[in-house]
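Asker: sharing a model prediction with you, sequence too.
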Amino acid sequence: MNNDDLEARIAAKAKKKKTRKAENRESSEQQQQPKDDGEKKKKKSSKSSSSSGGVGGGAAKGSTLLEERIKAKQAAASNNGEATTPKKKKASKKQGEDDYDMDKKPKAKSRSTKEKKSALDRLDAKVAAKDDRKQQRYNQQQQEDKESKLRASATDISAAAHAAASNASTKSLDANANYGGEAEVVNEMREYEMTGKDKEVRYGYDDGEVVEDGEAYYPNVEADTDVMAEINQEGVVQVDEAGGIQAFVAETIAIDGDDVGIIRSDAEVEKEEKKKYTKFFMYAVGGLILVVVAIAVPLTLKFAKGNQKVQLNVITKEPTSFPSLMPSESPSSMPSSIRFMEIVEKLEPLSGDALKVQGSPQYKAAMWMADGDMMRLPLDNAGFEQRYIMALFYYAMDGPNWTEDNGWLSETSECYWFGIDGSSEGCGGERGGCIKRSDFVGDFDKVCRIAMGRLNNLYGSFPSELGALEEMRYIEIQDDWLVGTIPDALGTGWKKLHTFLVGGNVLGGGFPSTFAKNEMLGTLFIDRNRFNGTFPAVFSTLKSLEWLDAENNEFTGTVPDSIATLKNLRVLNLNNNSLTGYLPNLWDETNLIEDFEVSDNKFKGPLPATLASAPFLKDFRASRNQLTGTIPVSYYKWENLEELYLDENKIGGELPQTNEPFYDGLQELSIHSNGFEGRFPVEWFEPTLRIKVLELHRNQMTGTITDNICERLDPDRSYTRLMNLTTDCDLVSCECCTACYVKGQLQTAES
């Protein structure tokens, strides 16, 4: 409600009250009946009670404005000639007028109507001036939030009611009091309470209405309907039917200034919350940045230093003869894992600076142990290092591209991964490819075999860390793409290794001397690789060696006689190398040699005579060398010989014409391209049904191939079928030879 509306309401209310007072005065004049003393005493008692306490409980003594209005009324009564002596309780009254007792105070002298009007005008002027000042401050607050004004209005109305009740206690006037019969005084009070924000409260009092104790009403107080309803529901104040506030006795409440808080709007609260959360977020981001910097900077410096050192170490003077590892498809990110850093520190004695080279197998394995391994072994677990080594093997051998990789890098024990799981001599079985801890002094199941088989698409170099697997017994990786060299650490650590099969790869260099005196190594396949250098002397120290297959390599030098001292050696295959010198000649009857193959080398000299002492020899191949001399007569005593290949040498002489054990078991005889002469003893080959190969061409032998031999070329024969028969057809009569040579040249159908 604005100021103009309030003024209009007050003016209308005052006019209505004047009309009602005039009607009351006319009614009083007609009655002209004085009140009895008892009624007067009752009124005086009521007035005295109202003056001392009243509705407000005597809390308010009345404002200066109220006292001036009362004095004005007393002056008006005095001017009408009705003033009485102050000491008397009862005063003479004109007919139709009531007594007015101001707590036994002397009545003021009567004033003229002009003086009364002048006094009221001055009072109105003061009120108007005060209203103007209040209104100016009020207009400045018009833009306040609507919700804040609503809450403030409820508080201000309660405060206004309390103030009105206090002032009303000093204004309880007799409804029948009349000063001079014609005096018309309308007591109006305008008062503005300023609490926090400007609030306007106006009151109007009608002297013509009887105000009883505890029942004073102020209908001129205007308030929002919804607010009044809310206040009425809460029982704070009482509201009459006309919408006014009933005066009440306000309870005195002591307020501690320390507990007083400022009531803020929702918008202000929301703004404050946003500031608080924004401030918290900024602190959190700043703290996170500090943590990242604190971790990343030391790691960057440490790893950068490590990378520089490794790059300097890998520079070689000249390129290697075998291909290098394929680079990784994409660079790995620098880890920030604390666990990774701890793993690097733990494994550094084992893998060195390779752990710090991004993309290296060691780096990838450590990363997997830190973040990828679902088993999450503690670093102090006895099997932690073994699991890391197997993960390293996977990455070093290009595991993601294997043909078969079942179980690798899974949460299961490495003992059950493909190639490890299984059994070998003295290894595996109940515990997969590991030796269970109860079988040795240890505290975890140890890997004892890696059997990846053939053609599994492994590609990479042996990591030296494999040497730490001291219980290793069996290794098989054949016909794949192993490159590089065999690390010395494998020979040092694998003292219990009995089978080492790496044939058909691209391994180079020499065979490590660290395998020397390995008392368990019995089978060694290094064939079809690129090993080079002089023939490894370490082979002669392997006392348990039974099978040495080193064919199709690039070994040079001589084969020491000491190789013949390996009494357990059954197979010695040195075909297709660049070996020179004489064949080993320290064989005796204690040798178990069964297969001795030295073809396609550069051996020279005669056949070793002591080889005839080897009672179990079945296969002797020395083709395409530079051997000279004749076949020792002692060789004809071999009872178990099945295959003899001496072709393309410089051996001569005549084959024995007598029946020798040598002929009985012979299945394959190839002596072509030599200097043999004399008659070919065909009669000693007819009794045997096992002959499959007879290659006699490019020699100087004579004779005839009989029908008995030719019949063996029948395809219907199986095990006893003669597969290959060649002779010098110009020297040896042969009607069934598979190939005929004349003067050293192969004859065809056209020729």
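Answerer: Looks like it arrived, so ask away.

Asker: from Val127, how far off is Ile631?
Answerer: In this view, Ile631 and Val127 are 152 Å apart by Cβ to Cβ, to the nearest Å. All C-beta spots, glycine's among them, are computed from the backbone N, C-alpha and C.

Asker: comparing the two, which shows the higher neighbour count?
Answerer: In this view Ile631 and Val127 are compared by other Cβ atoms under 10 Å, and Ile631 has more residues nearby, 22 against 15.

Asker: what about the stretch 501-650 of the chain, any weak spots by pLDDT?
Answerer: The stretch 501-650 of the chain contains no residues with pLDDT under 70.

Asker: where do the helices sit along the stretch 451-600 of the chain?
Answerer: Taking DSSP state H, counting those that start in this stretch as the criterion, the stretch 451-600 of the chain contains helices spanning 488-493.

Asker: roughly how far does the nearest residue to Gly372 once chain neighbours are set aside sit from Tyr395?
Answerer: Nearest non-adjacent residue to Gly372, counting by Cβ to Cβ, 6 or more residues apart in numbering: Leu409, 7.0 Å away. According to Cβ to Cβ, Leu409 stands 9 Å off from Tyr395.

Asker: and the residue nearest to Gly372, how many neighbours does it have?
Answerer: Burial of Leu409 is recorded as 19 neighbouring residues (other Cβ under 10 Å).

Asker: wait, what's in contact with it?
Answerer: With contact set as Cβ atoms under 8 Å, 6 or more residues apart in numbering, Leu409 has these partners: Trp368, Gly372, Asp373, Ala391, Tyr394, Gly399.

Asker: any of those buried? List them.
Answerer: Trp368, Asp373, Ala391, Tyr394, Gly399 (16 or more other Cβ atoms under 10 Å).

Asker: rewinding a little: anything in contact with each of Leu409 and Tyr395?
Answerer: Contacts common to Leu409 and Tyr395, judged by Cβ under 8 Å, 6+ apart, are Trp368.

Asker: in helices, which of the contacts of Leu409 fall?
Answerer: Members of the contacts of Leu409 lying in helices (criterion: DSSP state H): Ala391, Tyr394.

Asker: could you dump the contacts of Leu409 to TSV with distance to Leu501?
Answerer: Formatted as TSV, the contacts of Leu409 follow (distance: Cβ to Cβ, whole Å):
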residue	distance to Leu501
Trp368	28
Gly372	31
Asp373	29
Ala391	23
Tyr394	19
Gly399	20
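
Asker: can you list the weak-confidence ranges in the chain?
Answerer: Within the chain, the ranges that satisfy pLDDT under 70 run 1-7, 9-10, 13, 17, 21-117, 119, 141-264, 301-336, 437-442, 749-751.

Asker: which residues in it form helices?
Answerer: In the chain, the helices defined using DSSP H lie at 3-31, 37-52, 64-79, 113-139, 146-168, 225-234, 266-313, 338-351, 361-367, 384-396, 488-493, 661-664, 707-710.

Asker: ok, now which ones touch Asn674?
Answerer: Taking Cβ under 8 Å, 6+ apart as the contact definition, Asn674 lies against Leu646, Asp647, Glu648, Asn649, Lys650, Ile651, Gly652, Arg698, Asn699.

Asker: of those, grab the buried ones for PyMOL.
Answerer: The following PyMOL line selects those of the contacts of Asn674 that are buried, judged by 16+ other Cβ under 10 Å:
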select buried, resi 646+647+648+649+651+652+698+699
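
Asker: closest one to Arg721 out of the contacts of Asn674, please.
Answerer: Asp647 (21.4 Å; Cβ to Cβ).

Asker: in the stretch 451-600 of the chain, which spans are strands?
Answerer: 459-461, 474-478, 481-483, 499-501, 508-509, 523-525, 530-534, 547-549, 554-558, 571-573, 578-581, 595-597 (DSSP state E, counting those that start in this stretch).

Asker: list the contacts of the first one.
Answerer: Right, the one you point to is strand 459-461. Strand 459-461 has contacts (Cβ under 8 Å, 6+ apart) with 325-326, 361, 396-398, 401, 480-485.

Asker: just the buried ones from those?
Answerer: Buried members of those, scored by 16+ other Cβ under 10 Å, are Leu325, Pro361, Ala396, Met397, Asp398, Asp480, Trp481, Leu482, Val483, Gly484, Thr485.

Asker: I'd like the residues you listed as JSON lines, with distance to Gln386 appended.
Answerer: As requested, those are exported to JSON lines (distance: Cβ to Cβ, whole Å):
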{"residue": "Leu325", "distance to Gln386": "23"}
{"residue": "Pro361", "distance to Gln386": "16"}
{"residue": "Ala396", "distance to Gln386": "15"}
{"residue": "Met397", "distance to Gln386": "17"}
{"residue": "Asp398", "distance to Gln386": "21"}
{"residue": "Asp480", "distance to Gln386": "23"}
{"residue": "Trp481", "distance to Gln386": "25"}
{"residue": "Leu482", "distance to Gln386": "21"}
{"residue": "Val483", "distance to Gln386": "25"}
{"residue": "Gly484", "distance to Gln386": "22"}
{"residue": "Thr485", "distance to Gln386": "23"}
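
Asker: among those, which pair sits farthest apart?
Answerer: Asp398 and Thr485 (17.8 Å).

Asker: Met390 touches Ile420, doesn't it?
Answerer: Yes - taking contacts as Cβ atoms under 8 Å, Met390 lies within contact range of Ile420: 7.2 Å.

Asker: which residues are in contact with each of the two?
Answerer: Between them, Met390 and Ile420 share the contacting residues Glu414, Val447, judged by Cβ under 8 Å, 6+ apart.

Asker: ok so, going back, between the buried ones among the contacts of strand 459-461, which is nearest Cys710?
Answerer: Taking Cβ to Cβ as the measure, Cys710 lies nearest Asp480 of the buried ones among the contacts of strand 459-461, at 46.4 Å.

Asker: ok, that closest one touching Asn456?
Answerer: Yes - between Asp480 and Asn456 there is a contact under Cβ under 8 Å: 6.0 Å.

Asker: residues touching the residue lying closest to Pro608 once chain neighbours are set aside, list them.
Answerer: Once flanking residues are discounted, Pro608 sits nearest to Asn585: 3.9 Å by Cβ to Cβ, 6+ apart. Counting by Cβ under 8 Å, 6+ apart, Asn585 makes contact with Asp561, Ala564, Pro608, Ala609, Thr610, Leu611.

Asker: can you tell me which of those are buried?
Answerer: By neighbour count, with 16+ other Cβ under 10 Å, these hold Asp561, Ala564, Pro608, Thr610, Leu611 as buried.

Asker: count the residues that sit near the closest residue to the first one other than its chain neighbours.
Answerer: Nearest in space to Asp561, with sequence neighbours left out and distances taken as Cβ to Cβ, 6+ apart, is Leu586 at 4.4 Å. For Leu586, the count of nearby residues is 15 (other Cβ under 10 Å).

Asker: what is the burial count for Ser613?
Answerer: By the measure other Cβ under 10 Å, the count of residues near Ser613 is 17.

Asker: equivalent analysis for Tyr741, please.
Answerer: Burial measure for Tyr741: 22 neighbouring residues, criterion other Cβ under 10 Å.

Asker: what do you get for Arg387?
Answerer: Residues near Arg387, counting by other Cβ under 10 Å, number 20.

Asker: can you check Pro687 too?
Answerer: Neighbour number of Pro687 under other Cβ under 10 Å is 11.

Asker: same deal with Gly678?
Answerer: Residues lying near Gly678 (other Cβ under 10 Å) number 16.

Asker: Provide a list of residues in contact with the spatially closest residue to it that is not a sequence neighbour.
Answerer: Among residues not flanking Gly678 along the chain, Glu654 sits closest, at 3.5 Å (Cβ to Cβ, 6+ apart). Counting by Cβ under 8 Å, 6+ apart, Glu654 makes contact with Phe676, Glu677, Gly678, Arg679.
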